[in-house]
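S.K.: My questions concern the predicted model and sequence given below.
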Amino acid sequence: RFLATIRGGASEFTIPGLSAEEYPELPNVQQQSDLVLKQGVLKSMIDQTLFAIATTDSKPVHTGSLFDIKDSCVPLVSVDGYRLALRREPIVSDLTTQFIVPGKTLSEISKLLKEEEASWTFTLKTADDLGFKHENGTFLGWSTQSNAAAPEYAFNASTSTVTPATIEVTKEQKNVTLYAVWKDIWSGSGSEADPYLIPSTEKLKALQTQVNDKGFNYKGKYFAITGTIDLGNESWTPIGNGKASFAGSIEGNGNTITGLYVTEETRAGLFEILGVDGTSTYIRNLTICGQVTVDHGHAGGLTAVMGHGTITLEKITTDVTVRVENLNYYASPLGSAGGLIGYNVANAGATYNVVKVIKCINKGSIYGVTAGGIAGANNSSNAANQYTLEDCTNEGTVTGLLYAGGILGGSTNSTATRCENSGTVKATET
């Protein structure tokens, strides 16, 4: 007989046993294929599907979970007739097989597995990549703090990259919020009482970037020029374009913008276009000096085109040579040139385009198909699309191919009150 006797102190136990020959041999299982999963991932898969395994034997197939491996994916499915749980996990394998593991076995396996710390790595985008922009902000980078003065992930403007380029988020963190860090472009708040201040060429160029590249029109915002701005006769891109026009107000404070040099194909000026629907704006107390040239479009010392809205220009002096080079493109309305304004445009039937020019002076020479000392032309006889000029003066030479005027080059219903011209005016092909 096979007996085992165990004694301990006053106790004695006899345990009967069986011969090892009476037990069947364990099968020799040959490894046929491999499936590798991180233990943390496998534990997560089991824990998320175990609840849906049947606890009764009415349908034995429901007392386990199905591993249905194919197409580089491991779906784990549990169902009890009322609930279904499915978890998919991608793998790098071409294995195709399926098998069911009993729920009790999976439960024990889950207890043996370690729950690894999961983490995810994210590549950081720039503000431009995400379409983020700020009307008075230069993007510095990202921070985990909402009121940070300096970013933890800094933006490099020369390479348009963020350093560090990635951020890691752990399972314990669950989520991370990043805040854009901005540096003010201009001091001030943009209100009429506390306008954005433009003391230098750099700050004026920033306005050019914000309008042309970022698309801000600054409707309802106010700016003030606080010093002489020298553009250095370097090529200047007009503020505004086909996508955005400037619609803010500017107080010049008697300062001068000098060294303006513009050469464009169709629209040239310090601004390309001023005004948007529903605005009431002004630009005043400013002097502009330089040279503006357009090939065959519109040109003005201040702006090539006046758009919609009520716009008042007051006490602006221009000493800018304004020229339309190619006079062969004289089909209306091309080729308008003016000391301040090249062309005044409004849609058919517009009732909201009012341009008031008060106490402005032009000293520059003006050349165009239609040329005026203060303004070139407008595009309709609509009463709302006319110039109203008061106490303006032209001292420059005005030369037009078809039309020329000391104050206005061409307009059907505009008015000029108490305006004077002392410059030479001539139309060469009338």
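M.R.: That came through, no problem.
S.K.: from here on, contacts and neighbour counts on C-alpha atoms
M.R.: Will do.
S.K.: isn't residue 408 right up against residue 366?
M.R.: No: using C-alpha atoms under 8 Å, residue 408 is not in contact with residue 366; the gap is 11.4 Å.
S.K.: residue nearest the centroid of this structure?
M.R.: Among the residues of the chain, the one closest to the centroid is residue 131, at 3.1 Å (C-alpha atoms, centre = their mean).
S.K.: now for the helix or strand bottoming out on mean pLDDT in the chain, which elements pack on it?
M.R.: Ranked by mean pLDDT, DSSP states H and E, the weakest helix or strand in the chain is strand 119-123, scoring a mean of 83. Applying 3 or more C-alpha pairs under 8 Å, 6 or more residues apart in numbering; DSSP states H and E, one finds that strand 119-123 makes contact with strand 166-170.
S.K.: and the helix or strand following the least confident helix or strand of the chain, which residues are buried?
M.R.: Note on strand 119-123: by DSSP states H and E, the next helix or strand toward the C-terminus is helix 127-130. Of the residues in helix 127-130, those buried by neighbour count under the rule 16 or more other C-alpha atoms under 10 Å are residue 127.
S.K.: Likewise for stretch 42-56?
M.R.: Those would be 42-46, 48-54, for stretch 42-56 by 16+ other C-alpha under 10 Å.
S.K.: Between these, which sits nearest residue 32?
M.R.: residue 42 (20.5 Å; C-alpha to C-alpha).
S.K.: so that closest one sits in a helix?
M.R.: Yes: according to DSSP: H, G, I helix; E, B strand; the rest coil, residue 42 belongs to a helix.
S.K.: what's the distance between it and residue 84?
M.R.: 18 Å (C-alpha to C-alpha, to the nearest Å).
S.K.: again, but for residue 216
M.R.: Distance from residue 216 to residue 84, by C-alpha to C-alpha: 52 Å.
S.K.: Of those two, which one has the most company?
M.R.: residue 216 (23 against 13; other C-alpha atoms under 10 Å).
S.K.: Could I get the contacting residues of the more buried one?
M.R.: 135, 210, 244, 246 (C-alpha atoms under 8 Å, 6 or more residues apart in numbering).
S.K.: and if we set it to 6 Å?
M.R.: Neighbouring residues of residue 216 by C-alpha atoms under 6 Å, 6 or more residues apart in numbering: residue 210.
S.K.: State the pLDDT value of it.
M.R.: Looking at residue 216, its pLDDT reads 96.
S.K.: so what's residue 119 up against?
M.R.: 169-171.
S.K.: Does it have any beta-bridge partners, and if so which?
M.R.: residue 170 (DSSP bridges).
S.K.: Distance check, it against residue 112.
M.R.: For residue 119 relative to residue 112 (C-alpha to C-alpha), the value is 21 Å.
S.K.: With adjacent residues omitted, what lies nearest to residue 243?
M.R.: residue 215 (7.0 Å; C-alpha to C-alpha, 6 or more residues apart in numbering).
S.K.: so which helix or strand takes in the one you found?
M.R.: Here residue 215 is assigned to no helix or strand, by DSSP H and E.
S.K.: any idea how far residue 12 is from residue 18?
M.R.: Taken as C-alpha to C-alpha, the span from residue 12 to residue 18 is 20 Å.
S.K.: tell me the helices in the stretch 1-150 of the chain, going along the chain?
M.R.: In the stretch 1-150 of the chain, the segments counted as helices under DSSP state H, counting those that start in this stretch are 39-49, 103-112, 127-130.
S.K.: Output these as CSV; include the columns distance to residue 2 and mean pLDDT.
M.R.: Below are the helices of the stretch 1-150 of the chain laid out as CSV (distance: least, C-alpha to C-alpha, whole Å; pLDDT from 0 to 100):
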stretch, distance to residue 2, mean pLDDT
helix 39-49, 43, 91
helix 103-112, 33, 94
helix 127-130, 79, 92
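S.K.: Could you point out which of the ones you listed sits nearest residue 320?
M.R.: Using C-alpha to C-alpha, the helices of the stretch 1-150 of the chain put helix 127-130 closest to residue 320, at 36.1 Å.
S.K.: tell me what the closest one is packed against?
M.R.: Using 3 or more C-alpha pairs under 6 Å, 6 or more residues apart in numbering; DSSP states H and E as the contact criterion, no helix or strand is in contact with helix 127-130.
S.K.: Contacts for that helix next, please.
M.R.: Outside helix 127-130, no residue touches it (C-alpha under 6 Å, 6+ apart).
S.K.: And residue 197, how close does it get to residue 129?
M.R.: 29 Å.
S.K.: swap that for residue 136, sorry
M.R.: Taking C-alpha to C-alpha, one finds residue 136 at 18 Å from residue 129.
S.K.: How about residue 101?
M.R.: Taken as C-alpha to C-alpha, the span from residue 101 to residue 129 is 47 Å.
S.K.: Check residue 272 too.
M.R.: Between residue 272 and residue 129 the computed distance is 27 Å (C-alpha to C-alpha).
S.K.: Please apply the same query to residue 258.
M.R.: 36 Å.
S.K.: same check, this time on residue 341
M.R.: Taking C-alpha to C-alpha, one finds residue 341 at 37 Å from residue 129.
S.K.: before we move on, what about residue 268?
M.R.: 31 Å.
S.K.: ditto for residue 183
M.R.: Relative to residue 129, and taking C-alpha to C-alpha, residue 183 is found at 18 Å.
S.K.: And for residue 194?
M.R.: 32 Å.
S.K.: wait, residue 364 sits on residue 319?
M.R.: Yes: with contact defined as C-alpha atoms under 6 Å, residue 364 reaches residue 319; the gap is 4.4 Å.
S.K.: Same drill for the two, tell me which one is more crowded.
M.R.: residue 364 (27 against 21).
S.K.: helix, strand or coil for the more buried one?
M.R.: Applying three-state DSSP: residue 364 is coil.
S.K.: show me what contacts it?
M.R.: 319-321, 396.
S.K.: Of these - the most surrounded one?
M.R.: In the contacts of residue 364, the most neighbours by other C-alpha under 10 Å go to residue 320, 29 neighbours.
S.K.: tell me the pLDDT at it?
M.R.: 98.
S.K.: Kindly list the main-chain dihedrals of it?
M.R.: Main-chain torsions, residue 320, degrees, to the nearest 10: phi -120, psi 130.
S.K.: from memory it sits against residue 293, does it?
M.R.: No: here residue 320 does not reach residue 293: they are 10.1 Å apart, not a contact under C-alpha under 6 Å.
S.K.: Skipping its backbone neighbours, what lies nearest residue 106 in space?
M.R.: Residue 106 sits nearest to residue 46 (C-alpha to C-alpha, 6+ apart), 6.7 Å away.
S.K.: Would you quantify the distance from that neighbour to residue 326?
M.R.: 78 Å.
S.K.: burial measure for residue 135, as a count.
M.R.: Residue 135, neighbours per other C-alpha under 10 Å, totals 17.
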